[in-house]
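[1] Output the structure for:
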Amino acid sequence: MESDSPEIPKKGKSKTPRKPKDSVLKQKSPAEFFADNKNIAGFDNPGKCLYTTVRELVENALDSAESISELPVVEITIEEIGKSKFNSMIGLADHERRDEALYDDFETAKAREKRLAKEARLLEVQAKNAALGKKGKDPVATKAAKGREASYYRVTCKDNGRGMPHDDIPNMFGRVLSGTKYGLKQTRGKFGLGAKMALIWSKMSTGLPIEITSSMKSQSYTSFCRLDIDIHKNVPHIHVHEKRENKEWWHGAEIQIVIEGNWTTYRSKILHYMRQMAVITPYAQFLFQFISDSPEKNVIIRFARRTDIMPPVPLETKYHPSAVDILLIKRLITETSKQTLLQFLQHEFVNIGKCHAERLIGEMGPDFNPKMPVKSLTPQQIVRIHQLFRQAKFDDPSGDILSPAGEYNLRLGIIKELHPDMVATFSGSAQVFEGHPFIVEAGVSVGGKDVKQGLNIFRFANRIPLLFEQGADVVTRTALKRINWNSYKINQTQDKIGVFVSIVSTKIPFKGTGKEYIGDDISEIASAVKPFSSVAISSKQRL
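    Okay, the predicted model is just below:
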C-alpha cells in the first residue's frame, strides 16, 4: 500500500541559497571601450588589423600634406619581424618546446598525412577549373589553429605634410577621441581615431610603444616622442619626448609601430588598397615596401605622380538647421560666444540670415524674442527650436565646401593605374542628404592591365577606397542591377569593365559598424549614382 506522506529527504549538508553579489557600477574610458570593441574600428583579426593600420597611417599622411597644399609624398614600409627578433626587442629569451603534445598545433604523423592529401586534392580541383576557364568557389578558409605562433610587423609611414606641434603630440596619439577631425567638414577618417587605434592594438598584441618623429615647416628642430597609452585612464604614457636638431629642415611626420598582423591573408587587400589610392590620388607619390625575412618575398611598388593639380582643400562649415538634433543644439549653445538668440541663429548655422532668423523667432511663440539670452533657453524651448528646424524651409547647403577628386584627376588616375582601351568620366553637381551636401563622380573603363573579365567595381568615399562588404553597396547594386550594359554595346561578362564611383560629403551615410559600404536604401544617394551610367558610358572616348 502506497503512503501519501512526503518522502523524507536524505541527510546531508543543507544548501543555503547563494546571495547575489551586489552589482558594482563601473565606468570605461573611451580607450577601454575601443579596446573591447576593436572590430568597430576595423581591427577584427590580426590580418585586418595590419590592413587598417596601413590605411589609417596613409590617410593621415595625405590629409597632412594636403592641408598645406603640398603634393603628397608617402612612404609606407611593412617589415616582417621574426619570433627571435621580437623576443629580443621585448627582452624575452627564446624558448624551445619540451613537450610537443602539450601544444594545440601538435599534429600526429597520420593527421598530417591526411591534411596534406586533402590540400593536394583541393589544389588539383582548382587547377582543373582554371584550365577549363571555370571560376569555381573560393577555398573555404580553414579555422586558424589555436596554437599558431603570432606574426609581428613593424609598420612605418613617412610623409612630407604639416607635421605636429611638439606639445600636442602625446595627446594626438595617446588620448582617444582627442584630435583635429571633429569639426564639420569632409574628412578621410571614418572614426576620428587615426593611429590611436593602431596604438591600442599594439598595446594589446605586442606591448611596444609607438614612435613619432615630426617637424613643421621652417622649424629648426624635430620632435621625437616614444609613448604608449594608459587604456584605463585614456591618457598617454610618455617614455621619451624631446627636441632634436633638424639639419635638413625637413617637415612632415614619420610614425613607426610594431603590431601583430597577418601579411599572408591580407597581402592582396593591402596592395589593392594602395593601387586604388593611387587611382583616386594621382597627384600623390607613393612608395610601398614589404620587407620579409625571406628576401624573395620582398615587395617594392612605386606609384608615380601623374599630375601636380590638387583638389581644393575641404572647408570647415557650420551646421545646416535640418541636420541638427537636440543634443547638438545644446552643445552649440554651450560653446557659442554669441549673446542673444538672434545672433546665435545668424552665426551658428548656415543659410539663416538676419531677416530669416527674425521670422523663425516670431514663429517660435510668445516665449521667444530676438534679444533673449541664448544661454537662458529652457530644455522645452530648445525642443521647440528643433521642431521648427525640422519643419521650416531652408536653402540647401552649398557644395563649395567639398573637395571632390575632380573629373580630370579621376580620369588620369584610371589611365595611370589600369591603362584601359577606353575611359569616360563624369562629375555631378552638389546634392543634399539630411542637410549635408554630397557630390558623386564616376568613371567607366573598358580593357586595361591586370583587370579581370566582367565588372570590376571600385568604390570611394571621401576619396578613400572601400574594399569590404561590396555586395550591399549602392554602387555595386546599381552597376549589377540597374544598368543595361548591352545597350552600350558592352558585354557584362566578357569585357573588362571598370566602374569607379566616388562620393564626397561632410557626412557619408555609411551602413554597418565597420563603415565599409553605403546603403542602397538612401534614395538621394541612389538616384545620384544611377545617372553616371548613361552620361559616362554614352560619352566614352577612345584613348
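[2] The closest residue to Gly406 other than its chain neighbours: how many residues sit nearby?
    The shortest distance from Gly406 to any non-neighbouring residue, by C-beta to C-beta, 6 or more residues apart in numbering, is to Pro311 (5.5 Å). Placement of C-beta: from N, CA and C, glycine included. Residues within reach of Pro311, counting by other C-beta atoms under 10 Å, total 17.
[3] quick thing: my sequence starts at 48, can you match it?
    Renumbered: residue one is now 48, and that last one reads Pro358.
[4] Tell me how far Pro358 lies from Pro119.
    Distance of Pro358 to Pro119, given as C-beta to C-beta, to the nearest Å: 12 Å.
[5] Repeat that for Lys73.
    44 Å.
[6] residues contacting the nearest residue to His433 once chain neighbours are set aside?
    Distances taken as C-beta to C-beta, 6+ apart place Ile373 nearest to His433, at 5.0 Å, with adjacent residues excluded. By C-beta atoms under 8 Å, 6 or more residues apart in numbering, the contact set of Ile373 is Ile429, Val430, His433.
[7] State the distance from Ile373 to Ser570.
    26 Å.
[8] In space, what's closest to Lys554 - neighbours in sequence excluded?
    Excluding the flanking residues, the one nearest Lys554 by C-beta to C-beta, 6+ apart is His483, at 4.3 Å.
[9] Number of residues surrounding that neighbour?
    His483 is flanked by 22 other residues according to other C-beta under 10 Å.
[10] my guess is it meets Ala370, correct?
    Yes - in this structure His483 lies within contact range of Ala370 using C-beta atoms under 8 Å: 5.8 Å.
[11] which residues do those two both contact?
    Taking C-beta under 8 Å, 6+ apart as the criterion, His483 and Ala370 both touch Lys554.
[12] where in the stretch 48-197 of the chain is pLDDT low?
    For the stretch 48-197 of the chain, the stretches with pLDDT under 70 are 48-71, 152, 173-195.
[13] State the phi and psi torsions of Ala351.
    Backbone torsions for Ala351, taken as degrees, to the nearest 10, come to phi -70, psi 150.
[14] swap in Ala167?
    In terms of degrees, to the nearest 10, the main-chain angles of Ala167 are phi -70, psi -40.
[15] Might you report the residue contacts of it?
    If you count contacts by C-beta under 8 Å, 6+ apart, Ala167 has none.
[16] So it versus Asn207, what's the distance?
    Taking C-beta to C-beta, one finds Ala167 at 50 Å from Asn207.
[17] what does Leu435 give?
    For Leu435, the distance to Asn207 (C-beta to C-beta) stands at 48 Å.
[18] the more surrounded of those two?
    More neighbours surround Asn207 than the other of Leu435 and Asn207, with 20 against 16 (other C-beta under 10 Å).
[19] which SS state does Glu516 fall under?
    coil (DSSP: H, G, I helix; E, B strand; the rest coil).
[20] which residues touch it?
    Gly559, Gly561, Glu563, Tyr564.
[21] looking at the residues you listed, which has the most residues close by?
    Ranking the contacts of Glu516 using other C-beta under 10 Å puts Tyr564 first, with 21 neighbours.
[22] Could you find the closest non-adjacent residue to Glu289?
    Excluding the flanking residues, the one nearest Glu289 by C-beta to C-beta, 6+ apart is Phe271, at 5.6 Å.
[23] typo on my end, Phe557
    Excluding the flanking residues, the one nearest Phe557 by C-beta to C-beta, 6+ apart is Ile565, at 6.3 Å.
[24] Could you list the low-pLDDT ranges of the stretch 448-590 of the chain?
    578-590.
[25] I'm done for today, thanks for sticking with me.
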